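Chemist: Requesting a structural model of the entry that follows:
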Amino acid sequence: MRISMFINLEDPHGHMPKLKGKAAEVKALIPALVHVWKFHMDALLVEHVAILDGLQSSVLMDNILDGYPDVDVWPNDALKVFVDASWNYARCQNAVAAHYNRFGFFLFDVTIKTHWTLHCAMEAPFLNPRRSWNYIGEDFMSKSRDLHTSCCKGNSPASSVNKFADKYCHAMGHTLTLLDSGGDL
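Modeler: Take a look at the predicted model:
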């Protein structure tokens, strides 16, 4: 853990602290945050209890994701825990954000990741979220950016998107064919 995961070192008092880091780093930090938060929280403040509840829900979701990495569909008990924890996490995050935002403390921003987690929870009865969500391999975004950059040269914005989609589909087709034939990536 580094202090730069929480604040901007060049202007530490200029912005609200926010947890930043790679998914694997943040994921490994959450169980420790649960213990630290339990020690420092005020159990009489409903907002503090909601923060603890949200952190615990995050740990539950990660435990389910880690517990069934290679199955296409989860057993019903794991599915129920994941879905309940996902919705509970989103409720806690929304409630805490709404509370603190009105005071100008934007500490619990609701992001697209929260929204996507709920989509994964809704699809979980049919497909293990690990099959549709790249949680730890976030380097896909940089690879996509590099691919799209290569498609922009000499093309209009619309053409570059089409070229990107064509190249991506071709690469995925090649990858899936390789995997179907028993090959390794």
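
Chemist: show me where pLDDT drops low in this structure?
Modeler: 1-3, 5-6, 15-18, 133-142, 185 (pLDDT under 70).

Chemist: which helix of it spans the most residues?
Modeler: helix 76-101 (DSSP state H).

Chemist: Any figure for the gap between the residue nearest to the spatial centre of the chain and Asn94?
Modeler: With distances taken as Cα atoms, centre = their mean, Lys113 lies nearest the centre of the chain, 4.7 Å away. Applying Cβ to Cβ, to the nearest Å, the value for Lys113 to Asn94 is 14 Å. For glycine as for every other residue, the C-beta is placed from the backbone atoms N, C-alpha and C.

Chemist: dump the residue contacts of Thr177.
Modeler: If a contact means Cβ atoms under 8 Å, 6 or more residues apart in numbering, then Thr177 has no contacts.

Chemist: secondary structure class for the residue of the chain most remote from its centre?
Modeler: Within the chain, Gly154 marks the point farthest from the mean C-alpha position, 34.4 Å out by Cα atoms, centre = their mean. Recorded secondary structure, Gly154: coil (DSSP: H, G, I helix; E, B strand; the rest coil).

Chemist: go on, Pro69?
Modeler: Pro69 - assigned by three-state DSSP - is coil.

Chemist: hang on, the earlier thing: where does whichever helix or strand the residue nearest to the centre of the chain is part of sit relative to the chain's centre, distance-wise?
Modeler: Applying DSSP states H and E as the criterion places Lys113 in helix 112-123. How far helix 112-123 lies from its chain's middle: 9 Å, per Cα atoms, centre = their mean, to the nearest Å.

Chemist: got the CA coordinates for that helix in PDB?
Modeler: C-alpha atoms of helix 112-123 as PDB (Å, rounded to 0.1, in the frame of the first residue of the first chain):
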ATOM      1  CA  ILE A 112     -19.900   2.500 -13.700                       C
ATOM      2  CA  LYS A 113     -18.200  -0.400 -11.800                       C
ATOM      3  CA  THR A 114     -21.100  -0.400  -9.300                       C
ATOM      4  CA  HIS A 115     -23.600  -0.400 -12.200                       C
ATOM      5  CA  TRP A 116     -21.700  -3.200 -13.900                       C
ATOM      6  CA  THR A 117     -21.600  -5.200 -10.700                       C
ATOM      7  CA  LEU A 118     -25.400  -5.100 -10.600                       C
ATOM      8  CA  HIS A 119     -25.600  -6.200 -14.200                       C
ATOM      9  CA  CYS A 120     -23.300  -9.200 -13.400                       C
ATOM     10  CA  ALA A 121     -25.500 -10.000 -10.400                       C
ATOM     11  CA  MET A 122     -28.600 -10.000 -12.700                       C
ATOM     12  CA  GLU A 123     -26.900 -12.300 -15.200                       C
END
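
Chemist: got the angle for that helix vs helix 76-101?
Modeler: Angle, helix 112-123 to helix 76-101, by axes from the mean of the first three to the mean of the last three Cα atoms, to 10 degrees: 150 degrees.
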